[in-house]
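Participant: coordinates only, sequence not included:
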């Protein structure tokens, strides 16, 4: 009779061990009984670090769901704040609860006046993500009650504060970079409309966002709201496991998102398309990619081995945006590059399909965002996902402070030699020293 377990034979000793299987996983700690065995998994490519009810991904089938709802339905029918409610609270709200949620978010869009002075302390050309990392972390000094992480009402308050304040901090970073005066929130506008106002308002008494661009930004925010245990979410959970306040944990997540392999991926796509320059040069670049000379940016994903469902939605949104902004000429290169690549067995056999980054940067560029703002636009909506993941971790009785194991590959025990008695380092030792 089949059992939900794994029988392992240690060929070193001949002993057999039975390891329970639950949720198609074994507990790595159960391996310790086998002579202290540990699992070795660089980058955690096949290791589950938590149980979560928030986001479901089936990479082979190209499926993404928030709390069970398909991303396609949410992008078409929902708005970002409603989706954020779903991610944070687990269910879609009725009208009464949505109105209350929207009110509770918008009353927290303002930031302390000292934050302006803090932002002013950065160089005029400081990267907006560097400013965002710092200002989010600084919020922990303004809201010391955030340290009361075991208090449900405190967690709810910090969640509302962070979702409300991220667009304001992001907009301040943008305006500082542009040498423009800061624009305060306008809570008469939608979440996305208010962000556009804080970014682009000039001398008009009231900024009126273009409804198409406002809707496009809202859809992009929905698509980026959460994505399971990615690099930044894993960073947030690892830092939060020390029971630090959520502002510090979110600052760690923003820092992880700063990296070019995570939040900067769509910027890399833009640079690649600009380098290709024209549709006629695509075959030349395809040949280079296949020869291993550079990477086809925006194709392939750690999780998806099929077409990223978010990329299909963004591709449609792009043309809606172009009706307002005019067509971004890079879209023609992108469309043709996708067409050729998906007819080439080299890319198809490797399951290299377009991901969310392939088209999102083209839209952001058409809307007037500089490349440096791309990861910031990622961080704003991801805050709802981060806060849901943070709350889930805090409530999880199985979680402890994160402390992975290592496999030591260094020197065997040796004795200390006084400096005057040490020989000169060999060439090998010098080479090793220069790599550190």
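Facilitator: All right, it came through fine. No experiment lies behind these values; they were computed from the predicted model shown.

Participant: all strands of the stretch 1-150 of the chain, in order?
Facilitator: Counting by DSSP state E, counting those that start in this stretch, the stretch 1-150 of the chain has strands at residues 5-9, 16-20, 55-58, 63-66, 69-70.

Participant: could I get these as JSON lines with mean pLDDT, distance to residue 221 and mean neighbour count?
Facilitator: (Each C-beta comes from the backbone N, C-alpha and C, glycine too.) Converted to JSON lines, these look like this (pLDDT from 0 to 100; distance: least, Cβ to Cβ, whole Å; neighbours: other Cβ atoms under 10 Å):
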{"stretch": "strand 5-9", "mean pLDDT": "94", "distance to residue 221": "42", "mean neighbour count": "12"}
{"stretch": "strand 16-20", "mean pLDDT": "94", "distance to residue 221": "41", "mean neighbour count": "13"}
{"stretch": "strand 55-58", "mean pLDDT": "96", "distance to residue 221": "15", "mean neighbour count": "17"}
{"stretch": "strand 63-66", "mean pLDDT": "96", "distance to residue 221": "12", "mean neighbour count": "20"}
{"stretch": "strand 69-70", "mean pLDDT": "98", "distance to residue 221": "16", "mean neighbour count": "16"}
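
Participant: Please identify which of the ones you listed is closest to residue 109.
Facilitator: Closest to residue 109 of the strands of the stretch 1-150 of the chain, according to Cβ to Cβ: strand 63-66, at 23.4 Å.

Participant: Direction included, what does that closest one pair up with?
Facilitator: As defined by DSSP bridges, the strand partners of strand 63-66 come to strand 55-58 (antiparallel), strand 69-70 (antiparallel).

Participant: any chance of these in JSON lines, plus distance to residue 180?
Facilitator: Formatted as JSON lines, those follow (distance: least, Cβ to Cβ, whole Å):
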{"stretch": "strand 55-58", "distance to residue 180": "36"}
{"stretch": "strand 69-70", "distance to residue 180": "38"}
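
Participant: In stretch 307-317, which residues are buried?
Facilitator: By neighbour count on 16 or more other Cβ atoms under 10 Å, the buried set for stretch 307-317 is 307-315, 317.

Participant: pLDDT of stretch 168-176, averaged?
Facilitator: For stretch 168-176, mean pLDDT is 98.

Participant: Ignore what I typed, I meant stretch 282-289.
Facilitator: Per-residue scores along stretch 282-289 average to 92.

Participant: ok now the helix or strand hosting residue 156, how far from the chain's centre?
Facilitator: Using DSSP states H and E, residue 156 maps to helix 152-178. Remark: helix 152-178 is offset 16 Å from the chain centroid, using Cα atoms, centre = their mean, to the nearest Å.

Participant: if we can go back for a sec, and which of the buried residues of stretch 307-317 is nearest to residue 58?
Facilitator: residue 309 (9.9 Å).

Participant: how about that closest one, what does it touch?
Facilitator: 62-64, 71-72 (Cβ atoms under 8 Å, 6 or more residues apart in numbering).

Participant: can you redo those residues as a markdown table with distance to residue 410?
Facilitator: Formatted as a markdown table, the contacts of residue 309 follow (distance: Cβ to Cβ, whole Å):
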| residue | distance to residue 410 |
| --- | --- |
| 62 | 43 |
| 63 | 44 |
| 64 | 42 |
| 71 | 45 |
| 72 | 50 |
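
Participant: quick one on the thing from earlier: just the ones of the buried residues of stretch 307-317 in helices?
Facilitator: Under the assignment DSSP state H, these contribute 309-315, 317 to helices.

Participant: which pair in those spans the largest distance?
Facilitator: 309 and 317 (13.2 Å).

Participant: joint contacts of those two?
Facilitator: Shared contacts of residue 309 and residue 317, defined by Cβ under 8 Å, 6+ apart, are not found at any residue.

Participant: Pull out the buried positions in the helix holding residue 156.
Facilitator: 154-155, 157-177.

Participant: With stretch 176-187 instead?
Facilitator: 176-177, 182-183, 185-187.

Participant: what's next to that stretch, contact-wise?
Facilitator: Contacts for stretch 176-187 (Cβ under 8 Å, 6+ apart): 106-107, 109-110, 116, 119-120, 122, 124-126, 128, 131, 167-168, 171-172, 175, 193-194, 197-199, 201, 206-207, 370, 372.

Participant: Show me how to select, in ChimeraX, the buried members of those residues.
Facilitator: ChimeraX command restricting those to the buried ones, with burial defined by 16+ other Cβ under 10 Å:
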select :106,109,119,122,126,128,131,167,168,171,172,175,193,194,197,198,199,201,207,372
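
Participant: Inside helices: which ones of the contacts of stretch 176-187?
Facilitator: Short answer: these in helices (DSSP H) are 106, 116, 119-120, 128, 131, 167-168, 171-172, 175, 193-194, 197-199.

Participant: Among those, give me the pair with the biggest separation.
Facilitator: Spatial extent of the ones in helices among the contacts of stretch 176-187 (Cβ to Cβ) is set by the pair 120 and 193 at 26.3 Å.

Participant: Could you dump the strands of the stretch 1-150 of the chain into TSV and include distance to residue 84?
Facilitator: Below are these laid out as TSV (distance: least, Cβ to Cβ, whole Å):
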stretch	distance to residue 84
strand 5-9	40
strand 16-20	37
strand 55-58	13
strand 63-66	10
strand 69-70	13
